[in-house]
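Enquirer: Just need the structure, nothing else, for what follows:
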Amino acid sequence: MSDDSTVNGRRLHIPIQLRWGDLDAYNHVNNTSMLKLLEEARVRAFWRAGPGEEAPDTAVLDSGIEEGALTLIARQEIEYLAPVPYQRRPLEVQMWFGKLGGSSVEVCYEVHNDPAATPRVVYARSTAVIVLVDAKTGRPMRLTAEMREAWEPLLGPSIVYAHR
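Expert: Modelled structure (predicted):
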């Protein structure tokens, strides 16, 4: 696994480094930057590694439109629990699947401070519904047996949000 990615329990742990540009005028990570950090964690978790790279066992998607399949965000929800200050240590994005459907998956996230930090802080929780789509036709595609085999060990409860 690359980037010190680990599977702990039913969650994948992906370290994501903050950049100074992720902060806003209030000196914490901007809400749109948080979505970009989640996107980066998702790519590292699910896209196959390039030559000379390593990736977790969950990285079974080929990237690029020329590969024939696209992963499109159908829905995304995020709940901010605490402001994220700039820090040199990477954030830890914990990921799991709330659901595996026919052509879609529900990816659940929790964004934590570095595992070595005390106290531990949960900054945000998020859910993204991602649909596998044929690049030529734009129609949904079924999840493959390889995807299901790689992702089923990370099935867990969906996030229940406090405020709706």
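
Enquirer: hey, let's count contacts and neighbours off CA atoms from now on
Expert: OK.

Enquirer: count of residues packed around Val160?
Expert: 10 (other C-alpha atoms under 10 Å).

Enquirer: sec struct for it, please.
Expert: Of the three states, Val160 takes coil under DSSP: H, G, I helix; E, B strand; the rest coil.

Enquirer: Okay, it and Glu77: tell me how far apart.
Expert: Applying C-alpha to C-alpha, to the nearest Å, the value for Val160 to Glu77 is 11 Å.

Enquirer: Ok, Leu37 next?
Expert: 14 Å.

Enquirer: So the residue positioned nearest the centre of the chain versus Ala25, what's the distance?
Expert: Nearest residue to the geometric centre of the chain (C-alpha atoms, centre = their mean): Arg42, 3.3 Å. Distance, Arg42 to Ala25, by C-alpha to C-alpha: 27 Å.

Enquirer: what do you get for Glu67?
Expert: Counting by C-alpha to C-alpha - Glu67 and Ala25 are separated by 40 Å.

Enquirer: Which one's more surrounded, those two?
Expert: Glu67 (11 against 7).

Enquirer: Poorly predicted segments of this protein, please.
Expert: Applying pLDDT under 70 to the chain picks out residues 1-9, 163-164.

Enquirer: quick check: longest helix of it.
Expert: Once the chain is assigned using DSSP state H, the helix that runs over the most residues is helix 31-46.

Enquirer: list the contacts for Glu66?
Expert: Applying C-alpha atoms under 8 Å, 6 or more residues apart in numbering to Glu66 gives the contacts Ala135.

Enquirer: helix/strand/coil for it?
Expert: Applying three-state DSSP: Glu66 is helix.

Enquirer: change the start of the numbering to 207 and stick with it
Expert: With 207 as the first residue, the last one maps to Glu272.

Enquirer: how far away is it from Asn319?
Expert: Distance from Glu272 to Asn319, counting by C-alpha to C-alpha: 36 Å.

Enquirer: What of Arg250?
Expert: Noted for Arg250: a distance of 18 Å to Asn319, by C-alpha to C-alpha.

Enquirer: rewinding a little: would you quantify the distance from the residue nearest to the centre of the chain to Asp230?
Expert: Counting by C-alpha to C-alpha, the gap from Arg248 to Asp230 is 23 Å.

Enquirer: swap in Gly258?
Expert: From Gly258 to Asp230 the distance is 35 Å (C-alpha to C-alpha).
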